[in-house]
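Undergrad: quick one, what's the 3D model for this:
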Amino acid sequence: MTIPKTILIATTKKGKLNEFKEALKDLKFNFLTLKDINFPKIQPKENGKTFKENSIIKARFYGKRANLMTLSDDSGLLVDALPNKLGIKTKRYAKGTDKNRYKKLLKKMVNVPRKERKARFISAVTFYNPKTDKLVTTQGICDGKIAFKPQGLNGFGYDPIFIVKELNKHFAELTLEEKNKISHRAKALEKMKKYLFL
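TA: Below you'll find the predicted structure:
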């Protein structure tokens, strides 16, 4: 009997972790979390200038310390009406909770008309193997627009105010299974699957 390979999913965010597991559930790997291995409460300095750079920083940081093959993600929201305000700074856009952040964004865009509210989520996923120093990064994009008010009870982050172009629904209105067919992270993970067998 073949023992499944172990891969560390390097995140402490429950919502992100659930999306990883859902997207990769058909693969025969043993997926562990930072909590599963009692990883110390230390984090890398995400000082990259792109999602890809920050994703690599996290994969190497956790992979080397845990001595496990590791998957990490860096993602964020880009809003056309607010250039350079979010992006890699998305999670630092406002202090406090996810709700604090998306409420601040809605307030900033209160006078932005519907046709000028285009936005997109971007995810960079990195696989790192500390034994071989192998490094692979894939990226996914999900286009949409910023709503005028939040809607839906699912998801996390900015999901309640992001309307997916493909379905014309808020991310927070979708089930995890539905979201994982079209989301930026799901697209990046789908591309990543072929590299996990190399």
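Undergrad: without its sequence neighbours, what residue ends up closest to residue 79?
TA: In space, and not counting its chain neighbours, residue 79 is closest to residue 119: 4.5 Å by C-beta to C-beta, 6 or more residues apart in numbering. All C-beta spots, glycine's among them, are computed from the backbone N, C-alpha and C.
Undergrad: neighbouring strands of the strand or helix carrying that neighbour in the sheet, and parallel or not?
TA: Secondary structure assignment for residue 119, by DSSP states H and E: strand 118-129. Neighbouring strands of strand 118-129 in its sheet, by DSSP bridges, are strand 69-79 (antiparallel), strand 134-146 (antiparallel).
Undergrad: how much space separates the residue nearest to residue 79 from residue 191?
TA: Plainly put, residue 119 is 22 Å away from residue 191 if you go by C-beta to C-beta, to the nearest Å.
Undergrad: who has more neighbours, the two?
TA: Taking other C-beta atoms under 10 Å, residue 119 and residue 191 do not tie; residue 119 has more neighbours (24 against 15).
Undergrad: so what's the more buried one up against?
TA: Shown in contact with residue 119 (C-beta atoms under 8 Å, 6 or more residues apart in numbering): 77, 78, 79, 80, 143, 144, 145, 146, 162.
Undergrad: now the helices for the protein?
TA: For the chain, applying DSSP state H gives helices covering 14-23, 51-66, 98-108, 176-182, 184-192.
Undergrad: which parts of the third one are buried?
TA: If I follow you right, that is helix 98-108. Neighbour-count burial for helix 98-108, with 16 or more other C-beta atoms under 10 Å as criterion, is recorded at 98, 101, 102, 103, 105, 106, 108.
Undergrad: how about the second one?
TA: Neighbour counts using 16+ other C-beta under 10 Å place 51-63, 65-66 of helix 51-66 among the buried residues.
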